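# build me a structure from this.
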Amino acid sequence: MKGIQLAGSLLLLTGILLLLTLNHKVSSVMAIVLIIAGVLCIIVYNLVIRKETNLLCRIGLHKYNHVGWDEEIKSRSIYRCERCQKEKKVMRAI
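Reported below is the predicted structural model:
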């Protein structure tokens, strides 16, 4: 299964590099097709592997809300996803 993610990443990278380096119409169409194929491979991989209940959370599109501040480090805030209840702690810069 890891090969699908690697193939998707390589397709995406190849498409972006082709888009940046070539100015031909045929090459730009091929680059866009490679980018779309790479993104679709990565999305399919994440849908199969991740176990969150919501499909948007499976592909990494969480909807975080600020919950509070961490008690150990005062400049670190806590965010929780509305859909899957996943928490993340973020360090605030000065």
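# every contact and neighbour count from this point should use C-alpha atoms.
OK.
# residue 56 and residue 63 touch, don't they?
No - in terms of Cα atoms under 8 Å, residue 56 does not count as a neighbour of residue 63; the distance is 9.0 Å.
# show me where this structure has its helices.
Remark: helices assigned in the chain by DSSP state H are 2-21, 25-49, 55-58.
# and the shortest one, what does it pack against?
When you say that, I think you mean helix 55-58. helix 25-49 (3 or more Cα pairs under 8 Å, 6 or more residues apart in numbering; DSSP states H and E).
# using PDB, write out every CA atom in stretch 83-94.
Extracted in PDB, the C-alpha atoms of stretch 83-94 (Å, rounded to 0.1, in the frame of the first residue of the first chain):
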ATOM      1  CA  ARG A  83     -15.600  15.900  13.500                       C
ATOM      2  CA  CYS A  84     -13.200  13.300  14.900                       C
ATOM      3  CA  GLN A  85     -12.100  14.800  18.200                       C
ATOM      4  CA  LYS A  86      -8.400  14.600  17.300                       C
ATOM      5  CA  GLU A  87      -6.300  17.000  19.400                       C
ATOM      6  CA  LYS A  88      -3.200  18.900  18.500                       C
ATOM      7  CA  LYS A  89      -1.000  21.200  20.500                       C
ATOM      8  CA  VAL A  90       0.500  24.200  18.800                       C
ATOM      9  CA  MET A  91       3.400  26.400  20.100                       C
ATOM     10  CA  ARG A  92       2.700  30.100  19.800                       C
ATOM     11  CA  ALA A  93       5.500  32.300  18.700                       C
ATOM     12  CA  ILE A  94       6.300  35.600  20.400                       C
END
